[in-house]
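J.: Kindly generate the corresponding structure for this input.
(2 chains)
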Amino acid sequence: MTDTAPAYTRPVPVLDADNAFYWRAAAQGELRVQSCGECGALCHPPVPLCPVCHSAERETRQVSGLGRVASFMIVHHPPNPWFEMPIGVVSIELEEGPQVTSNIVGVPLEEVDLGMEVEVLFAGTDDPEVGVPLFRPRGR
Amino acid sequence: MRGIAAIAGIGQTDFSKSSGRSELQLAAEASLAALADAGLTVDDVDGMVTFTIDNTEDNELMRTLGVPQLSYTVRTPHGGAGSAVTVFAAATAVATGAARHVLVYRALNARSGNRFGRARDPGSSPTKGTGWDFANWLAPYGALSPAAILSMQTLPWMRARGLTNRDFADYIVGIRDFAATNPAAWFYKRPITVEDHQASRWIVEPILRLFDCCQETDGGVALVVTTTERARDLKQTPAVVLGAAQGVGRDPGSPGRAFAMAGLGPQDLDAAMIYDAFSPHLYMGLESLGICKEGDAKDFVASGAIARGGSLPVNTNGGLIGEAYLHGMNLITEAVRQVRGTAVNQVEDAEVVSMSSGTNVCILGRDRK
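T.: Residues are numbered from 1 along each chain as shown, chains lettered A, B, ... in the order given. Next up is the predicted model:
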């Protein structure tokens, strides 16, 4: 780490009115996805209106935290002050349907592949009210 | 709009890693070069087009050049994907009479200034309005550079086509060969082999190696767009805008609209300039333009069809990977040179040349009056 490295361990997500619930729920140990209060459709990333029925009745649904690796990559370069390189970055297709981006942990990166079944866990950030969902292979 | 507008002038600065001057100066130098190329003066300019994310304001460029007034000025969205849209927007303006001579410019110190390929701190680099807002969902997970952000969904796409990073070497060796004979290219006189490509380090495994990535470049590029009728009286052979279309969305149909406007199909192209920030984009472009059927780009590239002497040479200046990363605009100038017959890697009798960035397309050709 350099002298200029920030105190936090990973970039704190930039919160706005639409996405804040996602990161705040992670700080509480919950994986939540936007759901429509009218038609029940799930939507991620969240948006102000339900894209299916245009209802503004937004709710959030706690989902199972189970899914599979829909896409992944191992980021080697450029280095950055927040992570040890390389970094395993994944897109997870949740059992409930939506895809979320995350890191895969608890497994050597060379063993990760598309379709791997995973489960959620959570990590904190420098802001105690903001957390991040992570994923690891299921049952390890 | 078919054939109504034309690119009458092109200009560029040197492409370097340290320009030693401001982006405004680069924009001004490229603009004056494009106007001189066309045989026009600053008094003729009444329209401007650049990218939403270009740091040079139109009114500052006006003040620098002494352009008296504008009747049309717009910016194109989505970063480099908007490069082909600059021609679409400028052509629309001159075709409708909103402007007579539109100056298109893009200038950046992407190496010596705000480095493009770096890992961005999302807390201090706001993404709202840049076309990159989705990247906030990747930043907390360490995907902080364009190479990583744009690779997130690439692996399933590669697997569906049987593409591996080794296949990308077939493309890269070809454009490095073009760059090797282009004095303006960063990789001038530096061709590589498949083995060199495969020996370059991983940037995003198993998708991109170092040699799959575009440059970080300091420089400026400008175009002058006017009506074909006016362009006939100017200094250069007009590069006529035969077709142009913008498309946003998963499958927006824009290549088909551009070809329909031109009354042509992919089989009519003599050369193609395809936005190649990273190797996979070239393959995506070949398929979305209809040059290849879905899944066929791998074998098409491997056959040598898009390399020097092939049936459809692509990115004959070396592309954004081999020449410079002027955010797609240096592919437009190359398309113009091919139509004029003045490219360093000239395709014999090139009459119809496409330039595309993502799903945005323009098709340039010789004047057929």
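J.: what about residue B:216, neighbour count?
T.: 20 (other Cβ atoms under 10 Å in any protein chain shown). Placement of C-beta: from N, CA and C, glycine included.
J.: Now do the same contact list for residue B:280.
T.: Taking Cβ atoms under 8 Å, 6 or more residues apart in numbering or on different chains, we find residue B:280 in contact with B:151, B:154, B:157-158, B:163, B:168, B:207-208, B:212.
J.: Relative to chain A, how far out is it?
T.: Between residue B:280 and chain A the distance is 12 Å, computed by Cβ to the nearest Cβ, to the nearest Å.
J.: For the helix or strand harbouring that residue, the averaged confidence score.
T.: Using DSSP states H and E, residue B:280 falls within helix B:279-288. The predicted model gives helix B:279-288 an average pLDDT of 98.
J.: For it, buried residues please.
T.: B:279-288 (16 or more other Cβ atoms under 10 Å in any protein chain shown).
J.: again, but for stretch B:201-211
T.: Result for stretch B:201-211 [16+ other Cβ under 10 Å]: buried residues B:202-209, B:211.
J.: Pull it out as CSV, backbone CA atoms only.
T.: Taking C-alpha atoms only, stretch B:201-211 is exported to CSV below (Å, rounded to 0.1, in the frame of the first residue of the first chain):
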residue,chain,number,x,y,z
ARG,B,201,0.7,-10.5,-19.7
TRP,B,202,-2.9,-10.9,-18.6
ILE,B,203,-4.9,-7.7,-18.0
VAL,B,204,-8.3,-9.4,-17.5
GLU,B,205,-8.0,-13.2,-17.6
PRO,B,206,-9.1,-15.2,-19.6
ILE,B,207,-10.2,-12.4,-21.9
LEU,B,208,-7.6,-9.7,-22.5
ARG,B,209,-3.9,-9.7,-22.6
LEU,B,210,-1.9,-6.5,-22.8
PHE,B,211,-1.8,-6.6,-26.6
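J.: what about that stretch, near chain A?
T.: Yes. Using Cβ under 8 Å from any Cβ of the partner chain, stretch B:201-211 reaches chain A at B:201-207, B:210.
J.: Among the residues you listed, which lie within strands?
T.: B:202-205 (DSSP state E).
J.: Now do the longest strand along chain A: distance to the chain's middle.
T.: For chain A, the longest strand by residue count, based on DSSP E, is strand A:66-75. Distance of strand A:66-75 from the chain centroid (Cα atoms, centre = their mean, to the nearest Å) equals 11 Å.
J.: Surely residue B:166 and residue B:198 touch.
T.: Yes. Using Cβ atoms under 8 Å as the test, residue B:166 is close enough to residue B:198 to be in contact (6.5 Å).
J.: Quick check: residues of chain B near chain A?
T.: B:117-119, B:121-123, B:126-127, B:134, B:136-145, B:147-148, B:151-156, B:159, B:201-207, B:210.
J.: one more time with 7 Å
T.: B:117-119, B:121-123, B:136-145, B:148, B:151-153, B:155-156, B:159, B:201-205, B:207 (Cβ under 7 Å from any Cβ of the partner chain).
J.: Can I have the buried ones of those residues as a PyMOL selection?
T.: Here is the PyMOL command that selects the buried residues among those (16+ other Cβ under 10 Å):
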select buried, chain B and resi 117+118+119+122+136+137+138+139+140+141+142+143+144+145+148+151+152+155+202+203+204+205+207
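J.: Can you flag which of the residues of chain B next to chain A belong to strands?
T.: B:202-205.
J.: picking up where we left off before, and for the longest strand of chain A, what's in contact with it?
T.: Strand A:66-75 is contacted from outside by A:86-95, A:99, A:104, A:109, A:112-119, A:138, B:142-143, B:148, B:151-153, B:155-156, B:204-205, B:207, using Cβ atoms under 7 Å, 6 or more residues apart in numbering or on different chains.
J.: anything in the next helix or strand after that strand near chain B?
T.: Once the chain leaves strand A:66-75, the next helix or strand it forms, by DSSP H and E, is strand A:87-94. Yes. Applying Cβ under 7 Å from any Cβ, one finds strand A:87-94 in contact with chain B at A:87, A:89, A:91.
J.: Neighbours of the spatially closest residue to residue B:232 that is not a sequence neighbour, how many?
T.: Excluding the flanking residues, the one nearest residue B:232 by Cβ to Cβ, 6 or more residues apart in numbering or on different chains is residue B:238, at 6.3 Å. Look at residue B:238: counted by other Cβ under 10 Å, it has 29 neighbours.
J.: Just give the nearest non-adjacent residue to residue 27, would you?
T.: All of this is about chain A. That would be residue A:131: by Cβ to Cβ, 6+ apart, it lies 3.5 Å from residue A:27.
J.: Chain B, not that one
T.: Closest to residue B:27 by Cβ to Cβ, 6+ apart is residue B:107, at 3.8 Å.
J.: Check the contacts of residue B:280 and tell me the two furthest apart.
T.: Using Cβ to Cβ, the pair of the contacts of residue B:280 lying farthest apart is B:157 and B:212, separated by 14.6 Å.
J.: Near chain B, which residues of chain A are found?
T.: A:10-14, A:45, A:70-78, A:80, A:82-83, A:87, A:89, A:91, A:101-103, A:114, A:132.
J.: just how off-centre is stretch A:91-111 within its chain?
T.: 8 Å.
J.: ends of that stretch, how far apart?
T.: Taking Cα to Cα, to the nearest Å as the measure, stretch A:91-111 stretches 16 Å from start to finish.
J.: Also stretch A:33-52?
T.: Using Cα to Cα, first and last residues of stretch A:33-52 are 15 Å apart.
J.: sorry, back to before: dump the ones in strands among the residues of chain B next to chain A to a markdown table, plus distance to residue B:366 and pLDDT.
T.: Below are these laid out as a markdown table (distance: Cβ to Cβ, whole Å; pLDDT from 0 to 100):
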| residue | distance to residue B:366 | pLDDT |
| --- | --- | --- |
| B:202 | 43 | 98 |
| B:203 | 40 | 98 |
| B:204 | 40 | 98 |
| B:205 | 44 | 98 |
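J.: if we take those, which one ends up nearest to residue A:24?
T.: For these, the nearest to residue A:24 is residue B:204 (30.1 Å; Cβ to Cβ).
J.: ok so, going back, taking the residues of stretch B:201-211 next to chain A together, which two end up most distant?
T.: Among these, B:206 and B:210 lie farthest apart (Cβ to Cβ), at 14.0 Å.
J.: Below-threshold pLDDT in chain A: ranges please.
T.: Scanning chain A for pLDDT under 70 picks out A:1-8.
J.: What ranges does it have for its strands?
T.: A:32-36, A:42-43, A:58-62, A:66-75, A:87-94, A:99-103, A:117-124, A:131-137.
J.: Buried residues of the third one, list them for me.
T.: Taking 16+ other Cβ under 10 Å as the neighbour-count basis, strand A:58-62 is seen to contain the buried residues A:58, A:60.
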